[in-house]
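Enquirer: Okay, sequence plus prediction incoming.
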Amino acid sequence: MSDVRFTHIGGPTVLIEFGGWRLLTDPTFDAAGRTYAFGWGTSSRKLTGPALPASTLGGVDAVLLTHDHHGDNLDHAGRALLAGVTTTITTTSGARRLGGATRALEAGQTTRLEAPGRPAIEITATPCRHGPPLSRPITGEVIGFALTWPGQAHGPLWITGDTVYHRALRRAAARIRPGTVLLHLGGVGFPLTGPLRYTMTARQAVRLCEAIAPRTILPIHYEGWQHFRQDRDGIERDLLHAPKQISDLFHWLPTGSAEHVRI
């Protein structure tokens, strides 16, 4: 069994530590107050800053970047951090934009992290649809990540990425059978697009988790931004109506301090 330390820094940004590895997801370290354009007339203001500044993190072995083109997943301070990280893994289009030694993955493809004295990690990209059907030309390419390493007792660690619930996501999750899920929520929406949602709501997440029955669900990407339509209170209200065997799996990470999870 692996003992993993998760430190939720804010939004989708989590430091994951185990077996000598230090991995960081979607680095966002800008202060609050700035407005970011997301294209096609949409934008959002950052409401809260990171729980920890990037300068306090120490060394990071790799960044798992679900996508590079939205400021709530990679902001200005996050881009500056990438320059000091040896390995960044992201989408094929994101790798072209970022350049350098960035590793590109499409959904279903796998890469490997190896280092002396540490467990090897297999990282498989999982499909995301960052909005309604046929929205990819507008919302862009996004992936999630399934991480597998020796000693996991309950299945892989899955980072869903920014996605709504859809068939390809459910099928991929059923193949992975994750034990622990870093679940991007927030029910993202914009005034311009009305009721359309661009990330999962709690109700969609419950449908997904009913299909795969993970051991632990760690919600992230639900607070700190104007375009999040469902915060923790809204998620918890919906979970009151979910099957207890699913709602009991949700565990809220504190921000700014490490939480140990057995995987």
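Expert: Nice, thanks for sending it over. Since the model is a prediction, treat every value here as computed from it, not as a measurement. Residues are numbered from 1 along each chain as shown.
Enquirer: list the contacts for the residue positioned nearest the centre of the chain?
Expert: For the chain, the residue whose C-alpha lies nearest the mean C-alpha position (C-alpha atoms, centre = their mean) is residue 161; its distance is 4.1 Å. For residue 161, the set of contacting residues under the criterion of C-beta atoms under 8 Å, 6 or more residues apart in numbering consists of 66-67, 126, 128, 142-145, 184. The C-beta positions use only the backbone N, C-alpha and C, and glycine is treated the same way.
Enquirer: Ok, residue 49 next?
Expert: Taking C-beta under 8 Å, 6+ apart, we find residue 49 in contact with 10, 30-32.
Enquirer: next one: residue 18
Expert: Applying C-beta under 8 Å, 6+ apart to residue 18 gives the contacts 2-5, 119, 149, 263.
Enquirer: ok so, going back, so how do I select the buried members of the contacts of residue 49 in PyMOL?
Expert: A single PyMOL command suffices to select whichever of these are buried according to 16 or more other C-beta atoms under 10 Å:
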select buried, resi 10+30
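Enquirer: returning to that earlier point: which two in the contacts of residue 161 are spaced the farthest apart?
Expert: Longest distance between any two of the contacts of residue 161 is 12.9 Å, between 67 and 126; criterion C-beta to C-beta.
Enquirer: okay, and the common contacts of the two?
Expert: Shared contacts of residue 67 and residue 126, defined by C-beta under 8 Å, 6+ apart, are found at 143, 161.
Enquirer: Comparing these two, which residue is more hemmed in?
Expert: residue 126 (25 against 21; other C-beta atoms under 10 Å).
Enquirer: Leaving out the residues flanking it, which one is nearest to the more buried one?
Expert: Nearest residue to residue 126 in three dimensions, chain neighbours excluded: residue 144, at 3.9 Å (C-beta to C-beta, 6 or more residues apart in numbering).
Enquirer: Next: residue 6.
Expert: Here the nearest residue to residue 6 in space, its sequence neighbours aside, is residue 259; by C-beta to C-beta, 6+ apart that works out to 5.2 Å.
Enquirer: what residue ranges in the protein score low on pLDDT?
Expert: When residues are selected by pLDDT under 70, those of the chain lie in 1.
Enquirer: could you redo the last one with a cut-off of 50?
Expert: Applying pLDDT under 50 to the chain picks out no residues at all.
Enquirer: where along it do the helices fall?
Expert: Secondary structure of the chain, counting by DSSP state H: helices at 76-82, 92-98, 136-139, 167-176, 202-212, 232-239, 244-247.
Enquirer: Give me the residues contacting the fifth one.
Expert: Residues lying outside helix 202-212 but in contact with it, judged by C-beta under 8 Å, 6+ apart, are 164-165, 169-170, 173-174, 176-178, 181, 183, 185, 187, 200, 217, 219, 230, 234-235, 238-239, 242-243, 246-247, 249.
Enquirer: Now do that helix and helix 167-176, the angle between them.
Expert: In terms of direction (axes from the mean of the first three to the mean of the last three C-alpha atoms, to 10 degrees), helix 202-212 departs from helix 167-176 by 40 degrees.
Enquirer: Next, the buried residues of helix 202-212.
Expert: Counting neighbours by 16+ other C-beta under 10 Å, one finds that the buried residues in helix 202-212 are 202, 204-206, 208-209, 212.
Enquirer: can you count the residues close to the residue nearest to residue 35 when sequence neighbours are not counted?
Expert: Across the structure, with C-beta to C-beta, 6+ apart as the measure, the residue nearest residue 35 apart from its sequence neighbours is residue 45 (4.6 Å). Other residues near residue 45 come to 12 when the count uses other C-beta under 10 Å.
Enquirer: what do you get for residue 237?
Expert: That count, for residue 237 with other C-beta under 10 Å as the rule, works out to 11.
Enquirer: for residue 84, same thing?
Expert: A count of nearby residues for residue 84, using other C-beta under 10 Å, gives 9.
Enquirer: Look up phi and psi at it.
Expert: Per-residue torsions, residue 84: phi -100, psi 10 (degrees, to the nearest 10).
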